[in-house]
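> next comes the sequence, and after it the predicted model I'd like to discuss.
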Amino acid sequence: MSGSPDDLPFFGDDETPRPPSAAPRAGGIAARAMAARQGAAAPYLEGLNPEQRLAVETTEGPVLVLAGAGTGKTRVLTTRIAHILATGRAYPSQILAVTFTNKAAREMKARIGVLVGQAIEGMPWLGTFHSIGVKLLRRHAELAGLKSSFTILDTDDQIRLLKQLIQAEGLDDKRWPARQFAQMIDGWKNKGLVPKDIPEGDARAFANGKGRELYTAYQERLKTLNAVDFGDLLLHPIRIFRENPDVLAEYHRKFKYILVDEYQDTNTAQYLWLRLLAQRPQIKSGLPAEGRARDRAPGDVSPAPAEDQPPQAAERPVSENKQQQINICCVGDDDQSIYGWRGAEVDNILRFEKDFPGATVIRLERNYRSTAHILGAASHLIAHNEGRLGKTLFTDAADPDDPKVKVHAAWDSEEEARALGEEIEALQAKEHALNDMAILVRASFQMREFEDRFVTLGLNYRVIGGPRFYERMEIRDALAYFRVVAQGADDLAFERIVNVPKRGLGEAAVRQIHDVARMRGAPLLQAARDLVGTEEMKPKPRAALRNLVESFERWQGMLERTPHTELAELILEESGYTDMWKNDRSAEAPGRLENLKELIRSMEEYESLRGFLEHVALVMDAERDEELDAVSLMTLHSAKGLEFDTVFLPGWEEGLFPHQRALDEGGRSGLEEERRLAYVGLTRAKKNLHVWFTSNRRIHGLWQSTIPSRFLDELPEAHVEVAEDGGAYGGYGRPLGDRQPGRPNPYGPSRFDEAAEVFSSTYATPGWQRAQKNRTDATARNWGTRSGHQVERIGYGETDSGYGAGRGSVKGRTIEGELVAKSVADSPSAFKVGDRVFHLKFGNGNVAAIDGNKLTIDFDKAGQKRVLDGFVERA
DNA sequence: TATATGCTCATTTTT
DNA sequence: TGAGCATATA
């Protein structure tokens, strides 16, 4: 982002835009532009299908491209930019292109580079919402009461700050956790709400009604720290635009084309931000934000969010202003909106045509990724959602040999992992690269079982997602040192490392520094410097502090003349930070030292320490090792945008997927988002798709029986088959003997023995049928209600099959508003200590202890386990 | 200041 | 169940 010519002069390069008719410069673009104008298809247009081409060539006016999974979305976006440039419609700096992730931005830059050649000097305004926000804010910082050198706080800093504020208010920080409040603030900022705008109900909900005060105090504190959080990167520009029409007008003049990737993921703040930039006189009549009824969960009685208020004056189109038309093009897929829980408003994309009257809507439905079976399955599933813009993916590349989508059953998660591992090994034997396979789970706890299994098998795997490099403790500590050196006033950074490694500067010392800082209105480092010159501190801490302050001064003095990697290394050495880990005997210590080395290495790419810090604040991703051939393991969320030849989707059980919490908290729209998540999962696969479910899963340490996900039932029979290993219980792994032959399988052997048959006829087990019935009976209106307490016992031995069972009070699980499972805790346990019992998974054993419906059993073979009494019977 | 013990919580995650 | 956090304890 730095170093582009656009950074320095204010609007420098496009004060005098080249008129479209000007003679093109010799070279790549010009030649192509000529070609384009003369009607000969420019080379970059070749190979586009008609819809894609239309999306590329409809450069004027608002355009919405509904790009289904695997339909060449990125290609359209990049080609469109190339086209705009090549035909001389705009300079690179007149195009605003926003993405959500750095990865997407990087990819786009690279691809445009390839299309256009090096004739352009990069795209200064191609980046994430946040990186562009930083850029805007650095230019106009003073209008937000900041200095342009402001620092960007991450979540960790944010939480520490909030905690201080909560304590300063005299509130109990356990009753009112800073983390939770940080989330609330995020939520407000996602909606574009500053303290005075937040709904009264929200304001009261936190800290004995002090929510609003705390939010205000937080914003003030940020200002004094000359800092912003991620949300501010959008909010400040919005406010600046609203309050300074002249500034906004500059950008209106500047940006001729706006492109937005993943529009379905935009939140309200991003929407407002975009609309400010893209507003045109035409919008005047249909003020978009009005009368927008958000889909709410029943029972949500909080007042309408402020986003429903009419926009403020500054946003209103200035009709008399003869501004140029700004052409906005949003690309997205409403069916892949899976981030509602973090503020994304699917509504933004659903409403596009109203927001931008006269918009051209182009659907990309030709899929280049998956087989017809996979597409058929995905399309059929997603068709169960209401409120879609509607698309149906198709492919021309149908091959009769393509395998159908396979559904597999497993007894429990352990067997699921084992069977899946075998499947992978079998594929590997058939020369399939592990890199082409992925396991996509709903929740990260599911990964563990696979990891364990793969370790046993010696199968390479990689976890995508997980804790990020820059979030690791040692990295953040190191960065804090660098921050203090580069920006002496960074109090949060200073605080983080004053006593890391331990220098005897405990709570008391820090308190003292704080007091001085507050009294003088100076940063902590400054205060510390003053403090060591006085007698106020005890000798020991004073010496330690003096040493630290002097070190910082020394390092700051070296900042300009020492190569930054060298300086960084020196800082970590001299501060004792490296030694701290060298002396640490714990298992992670070597890894942490390795990470620190990696950090220094990664700094080499940057020109200076400051440049590096700027990058780090926004780019939180780490590269993956492409060399290794390994199976990818990740959540469904992190799989969006990726594709693999073979995809495994384990854990398709009610309660896990769709996740119970999504159902409880999100109601119908929660379910629909889960379904979109399933759709995302299915459409990641190019050739082979395997879906799994188990009958038993351990939740919070207790074994629970589960029923197959309703999503399985929403897959079309024509494209799905039940895997031949379907008798997985017997087929894979567990020897029959383990299962006590002759004993009736309490949970219903039919499911496993006749899996194939069973699946094609809606999983004809008793439990499933009952669930089915409940589902049919329960109307959609019942969402989220607690009424209709229907008691049911599933399986054998008075089993409680509900998630959350065994937790004491309310038991059972809601399926579309009906309780199908129930507690057995109300009734005294049918067992007593010493009873001989049998358990399906663990075999025979003796009851060692009883706690409500939870039994501790000493199993003959499996050792001591805790299980629900519903899972055992008398032996 | 280091270790022990208790308590709470348990989807998804970018910037 | 078990991880992460916070307080208790010596």
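Perfect, I can see it now. Since we're looking at a predicted model, the values are computed, not measured.

> how about the residues of the stretch 51-200 of chain A by DNA strand B?
A:100, A:101, A:102, A:103, A:128, A:130, A:131, A:154, A:155, A:186 (CB under 7 Å from any atom of the strand). Backbone N, C-alpha and C define where each C-beta goes, glycine included.

> give me the nearest residue to the third one, chain neighbours excluded.
With CB to CB, 6 or more residues apart in numbering as the criterion, residue A:102 has its nearest non-adjacent residue at 4.9 Å, and that residue is residue A:619.

> so that neighbour sits against residue A:103, correct?
No - checked against CB atoms under 8 Å, the pair residue A:619 and residue A:103 is beyond contact range at 9.4 Å.

> between those two, point out the one with more neighbours.
residue A:619 (19 against 13; other CB atoms under 10 Å).

> okay, now the unreliable bits of chain A?
A:1-41, A:118-121, A:280-325, A:620-625, A:724-830, A:839-843, A:851-855, A:859, A:861-872 (pLDDT under 70).

> residue A:113 - how many residues pack around it?
Counted with other CB under 10 Å, residue A:113 comes out at 16.

> smallest distance to DNA strand B belongs to which residue of the stretch 401-550 of chain A?
residue A:444 (3.2 Å; CB to the nearest atom of the strand).

> what about that residue, how many neighbours?
Counted with other CB under 10 Å, residue A:444 comes out at 15.

> once you drop chain neighbours, what's closest to it?
Nearest to residue A:444 is residue A:635, by CB to CB, 6+ apart, at 5.9 Å.

> now do residue A:532
residue A:546 (4.1 Å).

> right, and residue A:555 touches residue A:569 too?
No - look at residue A:555 against residue A:569 with CB under 8 Å: they stay out of range, at 11.4 Å.

> who's more crowded, those two?
Higher neighbour count among residue A:555 and residue A:569: residue A:555, with 22 against 16, using other CB under 10 Å.

> can you tell me how far the more buried one is from DNA strand C?
29 Å (CB to the nearest atom of the strand, to the nearest Å).

> and the helix or strand hosting that residue, how far out from the chain's middle?
Using DSSP states H and E, residue A:555 sits in helix A:539-558. Centre-to-centre, helix A:539-558 and its host chain are 41 Å apart (CA atoms, centre = their mean, to the nearest Å).

> quick one: distance of the top helix by length along chain A to the chain centre.
Identified as the longest helix of chain A according to DSSP state H is helix A:660-682. On the basis of CA atoms, centre = their mean, helix A:660-682 sits 15 Å off its chain's mean C-alpha point.

> do the same with stretch A:76-95
30 Å.

> residue A:633 and residue A:434 touch, don't they?
No - the pair residue A:633 / residue A:434 is not scored as a contact, 11.0 Å apart, by CB under 8 Å.

> thinking again about what came up before, against residue A:482, how distant is the residue nearest to residue A:532?
Distance, residue A:546 to residue A:482, using CB to CB, to the nearest Å: 21 Å.

> looking only at neighbour counts, state which of the two leads.
A direct count of neighbours by other CB under 10 Å for residue A:546 and residue A:482 places residue A:482 higher, at 25 against 16.

> okay, and the more buried one sits in which element?
Using DSSP H and E, residue A:482 falls in helix A:473-486.

> so who does residue A:417 touch?
A:449, A:450, A:452, A:453, A:650 (CB atoms under 8 Å, 6 or more residues apart in numbering).

> quick one: is the helix or strand where the fourth one lies near DNA strand C?
With elements delineated by DSSP H and E, residue A:453 resides in helix A:445-457, which encompasses its position. No - using CB under 7 Å from any atom of the strand, helix A:445-457 never reaches DNA strand C; the gap is at least 8.4 Å.

> other SSEs contacting that helix?
helix A:413-429, strand A:437-441, strand A:461-463, strand A:631-635 (3 or more CB pairs under 8 Å, 6 or more residues apart in numbering; DSSP states H and E).

> so what's the backbone phi/psi at residue A:689?
phi -130, psi 120 (degrees, to the nearest 10).

> which strand residues bridge it?
Partner residues in beta bridges with residue A:689, using DSSP bridges, are residue A:647.

> check chain A for the residue nearest DNA strand C and tell me.
Closest point on chain A to DNA strand C, by CB to the nearest atom of the strand, is residue A:701, at 2.1 Å.

> how much space between that residue and residue A:445?
Taking CB to CB, one finds residue A:701 at 11 Å from residue A:445.

> what's the answer for residue A:720, then?
Counting by CB to CB - residue A:720 and residue A:445 are separated by 27 Å.

> residue A:581 too?
Residue A:581 is 29 Å from residue A:445, by CB to CB.

> looking at these two, which is more packed in?
residue A:581 (21 against 14).

> the more buried one touches residue A:595, doesn't it?
No - under the criterion of CB under 8 Å, residue A:581 lies out of contact with residue A:595, with a separation of 9.6 Å.

> shared neighbours of these two, anything?
What both residue A:581 and residue A:595 touch, as defined by CB under 8 Å, 6+ apart, is the set residue A:474.

> for the helix or strand hosting residue A:510, which positions count as buried?
Residue A:510 belongs to helix A:507-520 when assigned by DSSP H and E. For helix A:507-520, the neighbour count (16 or more other CB atoms under 10 Å) marks A:509, A:510, A:512, A:513, A:516, A:517 as buried.

> any chance of those in TSV, plus distance to residue A:465?
Below are the buried residues of helix A:507-520 laid out as TSV (distance: CB to CB, whole Å):
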residue	distance to residue A:465
A:509	39
A:510	35
A:512	42
A:513	38
A:516	43
A:517	39
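
> for those residues, which one is nearest residue A:398?
Nearest to residue A:398, judged by CB to CB, of the buried residues of helix A:507-520 is residue A:510 at 67.9 Å.
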